[in-house]
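[1] Just a sequence and a predicted model for now, questions to come.
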Number of protein chains: 4
Amino acid sequence: MSKIRVAMVGGGIGGFIGEIHRMAMRLDERYELVAGALSSDPERAIQSGNEIGLARPYGTWQELFDAEQGNIDCVSIVTPNDSHAEIATAAIQSGFHVVLDKPMTRTLSEAIALAEIASNSPQLLAMTYTYTGYPMIREMKSRIANGDIGAVRNVSVRYRQGWLSDSIENEGQKQALWRTNPDLCGAGALGDIGSHAEQLSRFVTGQCIQSVRGDVHSVVPGRKVDDHASVQMKLSEGVIGDLVVSQVSTGERNNVEVNVYGDKGAMIWSHSEPDVLTALDQDGIEHRYHCSVNRAPSGHPAGFIEAFANIYRACADVMQGGEGIIIDEREGLASMKFIDAVLRSQETQSWEEL
Amino acid sequence: MSKIRVAMVGGGIGGFIGEIHRMAMRLDERYELVAGALSSDPERAIQSGNEIGLARPYGTWQELFDAEQGNIDCVSIVTPNDSHAEIATAAIQSGFHVVLDKPMTRTLSEAIALAEIASNSPQLLAMTYTYTGYPMIREMKSRIANGDIGAVRNVSVRYRQGWLSDSIENEGQKQALWRTNPDLCGAGALGDIGSHAEQLSRFVTGQCIQSVRGDVHSVVPGRKVDDHASVQMKLSEGVIGDLVVSQVSTGERNNVEVNVYGDKGAMIWSHSEPDVLTALDQDGIEHRYHCSVNRAPSGHPAGFIEAFANIYRACADVMQGGEGIIIDEREGLASMKFIDAVLRSQETQSWEEL
Amino acid sequence: MSKIRVAMVGGGIGGFIGEIHRMAMRLDERYELVAGALSSDPERAIQSGNEIGLARPYGTWQELFDAEQGNIDCVSIVTPNDSHAEIATAAIQSGFHVVLDKPMTRTLSEAIALAEIASNSPQLLAMTYTYTGYPMIREMKSRIANGDIGAVRNVSVRYRQGWLSDSIENEGQKQALWRTNPDLCGAGALGDIGSHAEQLSRFVTGQCIQSVRGDVHSVVPGRKVDDHASVQMKLSEGVIGDLVVSQVSTGERNNVEVNVYGDKGAMIWSHSEPDVLTALDQDGIEHRYHCSVNRAPSGHPAGFIEAFANIYRACADVMQGGEGIIIDEREGLASMKFIDAVLRSQETQSWEEL
Amino acid sequence: MSKIRVAMVGGGIGGFIGEIHRMAMRLDERYELVAGALSSDPERAIQSGNEIGLARPYGTWQELFDAEQGNIDCVSIVTPNDSHAEIATAAIQSGFHVVLDKPMTRTLSEAIALAEIASNSPQLLAMTYTYTGYPMIREMKSRIANGDIGAVRNVSVRYRQGWLSDSIENEGQKQALWRTNPDLCGAGALGDIGSHAEQLSRFVTGQCIQSVRGDVHSVVPGRKVDDHASVQMKLSEGVIGDLVVSQVSTGERNNVEVNVYGDKGAMIWSHSEPDVLTALDQDGIEHRYHCSVNRAPSGHPAGFIEAFANIYRACADVMQGGEGIIIDEREGLASMKFIDAVLRSQETQSWEEL
């Protein structure tokens, strides 16, 4: 099957999310990244494009969209929220599919306009709500839709991070700078991780949120956006929701937990064990299902491929004259001696030296 | 930096390990897979090469090695164990670096000969002992070498799988067929997962195994190789080892656990939480360190990139006219309405509809 | 030291909480249970008293209080909520210390009156908020008070049960009958487990709750009291609180979780691992402290004494002619043979039979 | 039912195991502790007896056995191993039931003689192998006997402690002194915790151990007994066993793990979650069963009663003029205000002050 020709907007050197998107595209070889405008600074955009070996780097996305009509199929947009609306609109109007990082836009009115345009275009606007990519979140959705826990009564989502516990935006931390600047991000924690949390509550239950009551705080003094909120929710079909998002939960890395309770059982997922889906039955027995549909063979947890890639990366380092931990023929030989000695010891029923 | 030009031997359609190696190579873009002899059946080898879009597929590795002298840098060998020695030897003699799946060879004598050749060649022979690729295994090795737990006293490794609990080799299961045929694999559980387990015991402690006493079994009636073993070990520096490997531990997926005890503390790693390294101090307090050097930003567990890739894969499916779960503009808009309604509810201090 | 002479009101045969209180009193031998009015039905009260071997059983608590002036020191009250106020008031006025199950009374006005009386009496009114008895909850309180996590920002408590997921009050389940009857219990989930949850939020933070906003539900159709609530809270010192209590979380047994976040770290406790207190530091490292101040020697988890008691109970059963799993001399001898054979095998360096 | 009249030998002030046995006896009120010879030092024996309020303290067990013929039913023996044989033999010959701490005796020959005597007496000799008292160990035994995991293939037990990681016997630590003195204890780790481990392997599988091969070490320099061992085992019905016991696993508190694998599934129990039994089925799904037969109502983990007892103990302290954390009427009132305010806020749909 032919590969999808894709251009990236944003995602230059220094950020992290661009490279995540690129690795994700490479893993299954369905995309070919051929062009990009990787920064809002044209010079830096070209430089970043060259650094990652892009065939056709551009200084601006406008130039890119003009020049690439018909040459690319899809644009991946990984810029700060304030430019989402303009770039995505232009991309769709240029006839490109769009893959867009969440949240959709900076403001609701921008989102309404963009959704209108996207809905009336043949092109796809697809959003990268990361958690929907976890196999066990999809399994959770599927089992709940299938009636495994009966009628859903309550969905509870908590997403806690601690990285904004201090006012690091005042120390120049790049991520913090734009994610706490309302002109760039719109909402703070609600936009960044609240969008994940609320989307999960809808995704796994299949219900929509009808009304909300939030207790919203800017905990860190001087912060210009919300960094902590708890929200009471009413979803369709009478489902009751509760949601907590926080970026000032000191010590938390990326703690996402989703609990759904129905009248016949419950389903629980936690980011700390992403390959596991726990079901509670009416007798209180926990059933832990493990991911079986991922890329690695059964029983290999998420991360197996990355572990393998670490080995190949170290090999590449050494092959190209650098440093790296590699396991060479001496290690391989040691294993063979071990196997041989164990089998000899089984023969002799005594200790055997290697 | 230029990419390493690599050819693969073995790893055709139907197996799984070849695609794992290919994904691992793609993740960091350090390799360019340009050639391959993906099967021992020449016709199937060419067909598999074409299916994965290989530039230069060959029917046999001999042809490949002859033709690619000077055109490739490295050969990745993912065939059954019985052909490792011959292919790796030829690859090295052809001037290629070699990346070789474990165990090194089928027999010890083959391993001795191959190690001799590799040691006397400028090329690299690197083995893919998967677990050494996990960041927290490397962290464990580093902390122990650093003296965090004092002088090592005991290393304990258990590697349990259940996939060979029944005699599935008699039902034609492809993996089981060669992995239980001594002519192809050499040892059974000891070769397949025992090599991982014993290598881990050496890798994390920095000691070598000096003598062993094994209790080796073929638990499933009629099986021609070992499928379960417990081994008592003496390592250098007086370290005492115990090791259990089993492929007949029904219900276990890929349960690898490594415990190292020193006179000042302990370190524990489990495959079930690959991103965590647990240290025990002398007061019995557990300190759980989380992976911070992986590709994703801090707090995102192993598997984050694969989750992201799942999203991109589904997008590709839909863009090319197929089916897939994608999160479109309606979802993006719903999130924006949620954020807006929560912020309004904070203003009005009451419930707000979306 | 002399034992405290205690009488119990409520807690007759058929309920469970009375026996829990009695076992708790026996464990440390600080109390002598000498009298009781164990049921609101006088006949049943006497009968229950005799069954548990009470020295002085009474038909009513009024008789008991009259007769026992000067003979007892303390009354333990384990009746349904609606009688708490009257009985506790009379007990204090009779000069007895009072140990009272939570919640204090059925209504707030009763509680105000009772608190007034208790505060003006030399006697103690002590409430059995169970979770304050867990050593690691006390450790959590102490460490937070000590500044381990800096200034507290957020406390989050979730207490979920599933036992009222169905309308079992309509099937005559005794506990459900009174705990869903507002005339007997007052509030439902809020009174029964909400009181635990909110008390924990105050206990561990040392702050008081100043205002609340609740989303309260009776999820099961026809239920007369609340069975599910989420509550947003404002505590003193600007601490933000969120709390969920539910008795309709199907499959949950008794899932209590408390998270406290400060500007320097976090503390987390879960009922599922009651002997563990987890601290998160600013670098995201988890430190798991284990209970070291309980009755059993270090390293023996909660439940060790109960396990021991199970053995003694089985012995008693067998000594008195009944059935029970006991470990007799044949087992003891088998162990000795094992030890001997292992030591012999170390001598001979070979297998030894037992 | 009448209580069993019991006398205790050993277990005076300063040790811990005596009080564990006494608490275990008190919990269910099946025993009445009426006499004791609590120390091998007569003066200290009397003093200890008085301190714990014993009705009839004796200086020696010989005096006790003579004087109490017909007045007691049972003797509980909690002395060091070297006196087990003599005391237990005398107790049985005096017509008393015996409850005896493990291991049975110091030497195998003593055990053979004692077992002979016990078997030919009508009295019971019951041993307190603690782990057999855990409800989920009994559940594990029962489910395996019931065929839940098919034919058993492998049992693996690991029991690790760290308390003897240093030579604390040379610093006068009382427990270490006798437990590392072969004249008092016989074997070291093998006797103390090896007996637990090997008994568990037999208890849960229902098989007996037929032969063993041990790798036994005294890791701490100068130690006179074994402190670490790994043992390969052959059990009846072809069951393969592996066992590790260690008292020099620095940082481990009391880490007991039992895994049993059959041809249809597996069962796993860990002391770190004593109320949970995990079953693995052939599809690798984990089923976690929670204890439902303990003294506390369903969902309350082991330790609930001890938590309750902590509350009563603190109340006793305060009632008798001492210090203690108690939860008084002010706390009870605060809860009632909370409940009232939440219900008001549900009425007004707004924040309510307490």
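    Everything's here; your move.

[2] Quick one: name the residues of the stretch 1-150 of chain A near chain C.
    A:I149, A:G150 (C-beta under 8 Å from any C-beta of the partner chain). Any C-beta I mention is one placed from the backbone N, CA and C, and that applies to glycine too.

[3] what stretches of the stretch 1-150 of chain A score poorly on pLDDT?
    In the predicted model, the stretch 1-150 of chain A carries pLDDT under 70 at residues A:1.

[4] all strands for the stretch 1-150 of chain A, in order.
    Along the stretch 1-150 of chain A, counting by DSSP state E, counting those that start in this stretch, strands occupy A:4-9, A:31-37, A:56-57, A:74-77, A:97-100, A:125-127.

[5] Let me know the next secondary structure element after the helix or strand harbouring A:S345.
    According to DSSP states H and E, A:S345 maps onto helix A:329-348. Heading C-terminal from helix A:329-348, the first helix or strand you meet, by DSSP H and E, is strand A:352-353.

[6] rewinding a little: in terms of secondary structure, what does the helix holding A:S345 contact?
    strand A:352-353, helix B:108-119, strand B:125-127, helix B:195-205, strand B:209-217 (3 or more C-beta pairs under 8 Å, 6 or more residues apart in numbering or on different chains; DSSP states H and E).

[7] all helices of the stretch 151-300 of chain A, in order?
    Counting by DSSP state H, counting those that start in this stretch, one finds helices in the stretch 151-300 of chain A at the ranges A:174-179, A:182-185, A:189, A:195-205.

[8] Break chain A into its domains for me.
    Domain assignment of chain A by automatic domain parsing yields the ranges A:4-128, A:132-290, A:304-348.

[9] Could you dump these into TSV with mean neighbour count added?
    As requested, the domains of chain A are arranged in TSV below (neighbours: other C-beta atoms under 10 Å in any protein chain shown):
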stretch	mean neighbour count
domain A:4-128	21
domain A:132-290	22
domain A:304-348	21
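
[10] of those, which approaches C:M136 most closely?
    domain A:132-290 (17.5 Å; C-beta to C-beta).

[11] Just confirm yes or no for stretch A:203-223 near chain C.
    Yes - contact between stretch A:203-223 and chain C, assessed by C-beta under 8 Å from any C-beta, occurs at A:R213, A:D215, A:H217, A:V219.

[12] Pick out whichever of those sits closest to C:S272.
    The closest of these, once distances to C:S272 are taken by C-beta to C-beta, is A:D215, at 27.4 Å.

[13] correct me, but the closest one touches B:V342?
    No - taking C-beta atoms under 8 Å as the definition, A:D215 is not a contact partner of B:V342, at 9.3 Å.

[14] Show the contacting residues for A:S218.
    A:S218 makes contact with A:G188, A:K224, A:V225, A:D226, A:D227, A:H228, according to C-beta atoms under 8 Å, 6 or more residues apart in numbering or on different chains.

[15] Could you export those residues as JSON lines, including distance to chain B and pLDDT?
    Listed next are the contacts of A:S218 as JSON lines, based on distance: C-beta to the nearest C-beta, whole Å; pLDDT from 0 to 100:
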{"residue": "A:G188", "distance to chain B": "10", "pLDDT": "94"}
{"residue": "A:K224", "distance to chain B": "13", "pLDDT": "95"}
{"residue": "A:V225", "distance to chain B": "10", "pLDDT": "96"}
{"residue": "A:D226", "distance to chain B": "8", "pLDDT": "96"}
{"residue": "A:D227", "distance to chain B": "13", "pLDDT": "97"}
{"residue": "A:H228", "distance to chain B": "12", "pLDDT": "97"}
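
[16] of all these, which comes closest to chain D?
    A:H228 (17.1 Å; C-beta to the nearest C-beta).

[17] Show me what the closest one is bridged to.
    As for beta bridges, A:H228 partners with A:H217, A:S246 under DSSP bridges.

[18] sorry, back to before: which among the strands of the stretch 1-150 of chain A is found nearest to C:H290?
    So among these, strand A:125-127 is nearest, using C-beta to C-beta, at 44.0 Å.

[19] tell me the centre residue of chain A?
    For chain A, the residue nearest the mean C-alpha position is A:T130 (3.1 Å; C-alpha atoms, centre = their mean).

[20] Surely that one touches B:E306?
    No - assessed by C-beta under 8 Å, A:T130 is found out of contact with B:E306, at 10.8 Å.

[21] got a list of what the residue nearest to the centre of chain A touches?
    A:H196, B:F304, B:A307, B:F308, B:I311.

[22] Out of the residues you listed, list just those in helices.
    A:H196, B:F304, B:A307, B:F308, B:I311 (DSSP state H).

[23] will you turn the residues you listed into TSV that also has pLDDT and distance to B:M23?
    Conversion of the ones in helices among the contacts of A:T130 to TSV gives the following (pLDDT from 0 to 100; distance: C-beta to C-beta, whole Å):
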residue	pLDDT	distance to B:M23
A:H196	94	26
B:F304	81	15
B:A307	84	14
B:F308	79	13
B:I311	85	16
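
[24] that older thread, could the helices of the stretch 151-300 of chain A go into a markdown table alongside distance to A:S236?
    Below are those laid out as a markdown table (distance: least, C-beta to C-beta, whole Å):
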| stretch | distance to A:S236 |
| --- | --- |
| helix A:174-179 | 31 |
| helix A:182-185 | 29 |
| helix A:189 | 25 |
| helix A:195-205 | 9 |
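
[25] Torsion angles phi and psi at A:A151?
    phi -70, psi 130 (degrees, to the nearest 10).

[26] what's near enough to touch the residue nearest to it when sequence neighbours are not counted?
    Excluding the flanking residues, the one nearest A:A151 by C-beta to C-beta, 6 or more residues apart in numbering or on different chains is A:D263, at 5.1 Å. With contact set as C-beta under 8 Å, 6+ apart, A:D263 has these partners: A:I149, A:G150, A:A151, A:R153, C:S165, C:D166, C:V248, C:T250.

[27] Is it possible to get TSV of those residues that adds distance to D:M8?
    Listed next are the contacts of A:D263 as TSV, based on distance: C-beta to C-beta, whole Å:
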residue	distance to D:M8
A:I149	52
A:G150	54
A:A151	58
A:R153	54
C:S165	47
C:D166	48
C:V248	49
C:T250	47
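
[28] biggest separation within the residues you listed, which pair?
    A:I149 and C:D166 (14.0 Å).

[29] if we can go back for a sec, how far away from the center of its chain is the helix holding A:S345?
    Here helix A:329-348 is found 44 Å from its chain centre; the criterion is C-alpha atoms, centre = their mean, to the nearest Å.

[30] Rounded mean pLDDT for it, please.
    The average of the pLDDT scores along helix A:329-348 is 88.

[31] ok, residues contacting it?
    In contact with helix A:329-348 (C-beta under 8 Å, 6+ apart) are residues A:351-354, B:100, B:102-105, B:107-108, B:111-112, B:114-115, B:118-119, B:125, B:127, B:129, B:186-187, B:190-191, B:194-195, B:198-199, B:202, B:208-209, B:211-216, B:226, B:229, B:231.

[32] contacting residues around the residue nearest to A:G265 when sequence neighbours are not counted?
    Nearest residue to A:G265 in three dimensions, chain neighbours excluded: A:I149, at 4.0 Å (C-beta to C-beta, 6+ apart). Contact analysis of A:I149 by C-beta under 8 Å, 6+ apart lists A:R143, A:V260, A:Y261, A:G262, A:D263, A:K264, A:G265, A:A266, A:M267, A:A279, C:T250.

[33] Name the nearest of those residues relative to B:I17.
    A:R143 (30.6 Å).

[34] so how far is A:M140 from the residue of the stretch 51-200 of chain A found nearest chain C?
    Closest residue of the stretch 51-200 of chain A to chain C, C-beta to the nearest C-beta: A:R153 (5.6 Å). Going from A:R153 to A:M140 by C-beta to C-beta, to the nearest Å gives 16 Å.

[35] Good, wrapping up.
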